[in-house]
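**Student:** Everything below, folded, please.
(chains A and B)
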There are 2 protein chains.
Amino acid sequence: MKVNVAMLGMGNVATGVYKTILQNKDIILHRDNVEFNIVKILVKSLDKERDPAIPSEILTDDINEIINSDSIYLVVELMGNINPTLEYVSALLEKGISVVSANKDMISQHWPHLEACAKEGGSGLYYEASVGGGIPIIKTFLDSLQSNKIKKLCAIINGTTNYILTKMTDDAVPFETALNVAQEKGLAEPDPTSDVEGYDAKYKLSILASLAFHSKIPVSKIYCEGITGILPQDIQYGKNFGYIIKLLAIGKREGNDIEVRVHPAFIPERHPLASVRDAYNAIFIEGDAVGQLMLYGQGAGASPTASAIISDMIVASQTAIHKYTTFENVDVPSSQITFIDNWTCEFYIRLIVTDEPGVLSKVAAIFAKHSISLESVVQKSIGHSEVPIIFITHRAKEKDVKNALSEMKASGAIIDIASLIRVER
Amino acid sequence: MKVNVAMLGMGNVATGVYKTILQNKDIILHRDNVEFNIVKILVKSLDKERDPAIPSEILTDDINEIINSDSIYLVVELMGNINPTLEYVSALLEKGISVVSANKDMISQHWPHLEACAKEGGSGLYYEASVGGGIPIIKTFLDSLQSNKIKKLCAIINGTTNYILTKMTDDAVPFETALNVAQEKGLAEPDPTSDVEGYDAKYKLSILASLAFHSKIPVSKIYCEGITGILPQDIQYGKNFGYIIKLLAIGKREGNDIEVRVHPAFIPERHPLASVRDAYNAIFIEGDAVGQLMLYGQGAGASPTASAIISDMIVASQTAIHKYTTFENVDVPSSQITFIDNWTCEFYIRLIVTDEPGVLSKVAAIFAKHSISLESVVQKSIGHSEVPIIFITHRAKEKDVKNALSEMKASGAIIDIASLIRVER
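**Tutor:** Sure, this is the predicted structure:
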């Protein structure tokens, strides 16, 4: 089956897709009976030098040549951004041209609109590459976990921060040092804000949690905290408790209560996510039928992402009737979903106190007053007048912990709250 | 869309499927617009008591009631075995009734025949549950890795042996003790042969390697060695080198050379498979585009397996044109595939020697003669006249290593070959 394809954008990933389609033509034809014929590529500059070289008659800077074509069945969108991409993709879907996209910003923010355009046009929207690079997490939700009620989703979906945290853990170096190494290796952008502040993970979590919980999870409902405040000494203290630090994207659903959050967290060293090192990604899921499931792999890079894109292209070409994702809180507007911002977890807390009798009892009394019970307390004597005390709490409410800490600070019981890191199991 | 379904067999997994379909009717209908209507169940005994109770008019002991029905679209085969299952499934597929099966014995041994029956009948054969329980590994090969050349597959696909090896590692107990615990917990059969000798893993590897390498891998071509000979002291010695022991199912392809083997192996403790503990399964893949990918989850149990079965049922119901797996060496008979039995890897070797000068030099000379270079040597002095020496080799040919060891034994240079464990990275 010959399939005419257009591409929007010709950056790094798009070049990977273009190359792989040319190189593996035979494999794809033999295995899946699909032959991709790239007929148009939308680019900004028609006369830029490209490697591999692209026949000039394929290149265009006019989207209408693609939207108004009668022979294009499938478009691969790799331009990124929302403006003008959303307009282009909406028009294509409405016209009946299926779209394969890796655009997490656009999908996470305009998903129901895009699904509606696709439904109207009878086309399909495919977005495996929008989260987790080559990891088939989207298809797993759509095609393998249909009968499951997902209780929990816990993911490492930003390779840059996972690399930085691995480096900080292995080499006991501060954040800035690890960030510099990541930048030198091309694993972090010159402006790393979107990664290190957790924004990238937040967009991806919005997509994953929407699929897991069958409800549209707006990016704005996701609590987000980055890794810039993580200190090497806390990583080392955590090790003594058997914990490893990760930037986690967490989603939980119980009944109609949903909590979604991105923040650094300690996890037990035997947790499957603890072995996810360097720039790797992994998504850990708990479903009522499937139990624990984890998918691990390369979350970025031209070649793994191209693998996901091409898998979508093949499926889109073979599918006679495209499927549409429905969300309980969009398609059934009466559905009650409550976003929880006062979640329960365990906490690692490092306080700085004066090294004198009675301090621990004051602090313990304030914890007790706020219904926070303690699992362990370690006082580090370092021969100074100011010493750290580390607490691991039992499960407690986020707001109770924050209130207790504010009270300690205000009452002068402690000098400083050095760190607060959530513990996930 | 209402889909009439028949089931063959009503054991543990089948009951899980039956229950989940009844319980999650609404979810499946809402999310995927499919409503399963179980119209017939083939059982051996019509009047056995069942929980949940099944309306007697659904039960039958005559397969012809199902094969000759005009209203059944889909059959779920959970009878197991090959006789008479193969005959039933072949007839159903030829008649145009799609089959969802978890039968690894049947699929691994009669796959091209079953695909041919399905092609002839225009029906589909679905077998996600045949390997890895709830882990979506079959769909990952079929729908996500299409454009990849898979170089390597390394899997923990038998939960019983993984539980036993985890127990032996954690508690430093012998095989028999760990096996007894597994049997008490219901994680090992009263006759554990199929699991502990690696036969179960061999059938599953046959299926996975066939999908990975697009060539039919006969069970007979798979080298197979179980875990009954693994000693706790080797597990402990391995720990000192940073290794963890696992029963691995390994497939590798380079050009037209394929090697497939099931045996215990040491892996570095930082390998993603090293964190797969207890009865969990995981499949680790290396593809040219996707890079490293690992899927982890529950490889057995009624509920995870039911999750996989129902996902296949939904996909089979939504698919207008079923896909057929083609194998290079079946469908293109001229294709040259060579099965390699003299593979290259690193080896952990524990020899028992007399504690006297010159022994190490004799042994080292024989290794050198057979082109085996050594990465490390550790002599354990235990105050006896017989002492162990442990060697880790660099990459070497299996047959060279075996020849070297035979020569050592025959020449009297050593007292005994205590252990030989392959090391995978």
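
**Student:** Surely residue A:313 is within a helix?
**Tutor:** Yes: judged by DSSP: H, G, I helix; E, B strand; the rest coil, residue A:313 forms part of a helix.

**Student:** check contacts around the nearest residue to it once chain neighbours are set aside.
**Tutor:** Spatial nearest neighbour of residue A:313, excluding adjacent residues (CB to CB, 6 or more residues apart in numbering or on different chains): residue A:100 at 5.5 Å. (Glycine included, C-beta is placed from N, CA and C.) Contacts for residue A:100 (CB atoms under 8 Å, 6 or more residues apart in numbering or on different chains) come out as A:74, A:75, A:76, A:77, A:126, A:127, A:129, A:309, A:312, A:313, A:316.

**Student:** could the residues you listed go into a markdown table alongside distance to residue B:55, neighbour count and secondary structure?
**Tutor:** Shown next, in a markdown table, are these (distance: CB to CB, whole Å; neighbours: other CB atoms under 10 Å in any protein chain shown; DSSP: H, G, I helix; E, B strand; the rest coil):
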| residue | distance to residue B:55 | neighbour count | secondary structure |
| --- | --- | --- | --- |
| A:74 | 47 | 22 | strand |
| A:75 | 50 | 28 | strand |
| A:76 | 50 | 30 | strand |
| A:77 | 51 | 25 | strand |
| A:126 | 41 | 27 | strand |
| A:127 | 43 | 25 | coil |
| A:129 | 47 | 29 | helix |
| A:309 | 48 | 31 | helix |
| A:312 | 43 | 27 | helix |
| A:313 | 46 | 27 | helix |
| A:316 | 42 | 23 | helix |
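
**Student:** ok, which stretches of the stretch 251-400 of chain A are helices?
**Tutor:** A:302-318, A:328-331, A:359-369, A:398-411 (DSSP state H, counting those that start in this stretch).

**Student:** could those helices go into JSON lines alongside mean pLDDT?
**Tutor:** Listed next are the helices of the stretch 251-400 of chain A as JSON lines, based on pLDDT from 0 to 100:
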{"stretch": "helix A:302-318", "mean pLDDT": "96"}
{"stretch": "helix A:328-331", "mean pLDDT": "82"}
{"stretch": "helix A:359-369", "mean pLDDT": "95"}
{"stretch": "helix A:398-411", "mean pLDDT": "96"}
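
**Student:** separation between the residue located most distally from the centre of chain A and residue B:205?
**Tutor:** Going by CA atoms, centre = their mean, the residue of chain A most distant from its centre is residue A:357, 45.9 Å out. From residue A:357 across to residue B:205, the span is 65 Å (CB to CB, to the nearest Å).

**Student:** just residue A:368 next, same as before
**Tutor:** Using CB to CB, which is the criterion applied here, residue A:368 is 56 Å from residue B:205.

**Student:** Looking at those two, which is more packed in?
**Tutor:** Taking other CB atoms under 10 Å in any protein chain shown, residue A:368 and residue B:205 do not tie; residue B:205 has more neighbours (30 against 12).

**Student:** any idea what sits nearest the more buried one, other than its immediate chain neighbours?
**Tutor:** Nearest non-adjacent residue to residue B:205, counting by CB to CB, 6+ apart: residue B:249, 3.9 Å away.

**Student:** The helix or strand where the one you found lies pairs with which strands, parallel or anti?
**Tutor:** Using DSSP states H and E, residue B:249 sits within strand B:243-254. Note on strand B:243-254: by DSSP bridges, its sheet partners are strand B:150-156 (antiparallel), strand B:257-268 (antiparallel).

**Student:** For residue A:46, grab the count of nearby residues.
**Tutor:** By other CB under 10 Å, the residues close to residue A:46 number 9.

**Student:** okay, it: pLDDT?
**Tutor:** Residue A:46 is assigned a pLDDT of 93 by the prediction.

**Student:** Chain neighbours aside, what residue packs nearest to it?
**Tutor:** Residue nearest to residue A:46 in three dimensions, not counting chain neighbours: residue A:59, with 5.3 Å by CB to CB, 6+ apart.

**Student:** Name all residues that make contact with the one you found.
**Tutor:** Residue A:59 makes contacts with A:40, A:41, A:43, A:46, as judged by CB under 8 Å, 6+ apart.

**Student:** Show me what the helix or strand where the second one lies is packed against.
**Tutor:** For residue A:41, the enclosing helix or strand under DSSP H and E is strand A:35-42. The elements that strand A:35-42 packs onto, with contact taken as 3 or more CB pairs under 8 Å, 6 or more residues apart in numbering or on different chains; DSSP states H and E, are strand A:2-8, helix A:12-23, helix A:25-32, strand A:59-60, helix A:64-67.

**Student:** what's the closest of those to residue B:209?
**Tutor:** Nearest to residue B:209 among those is helix A:25-32; the distance by CB to CB comes to 15.6 Å.
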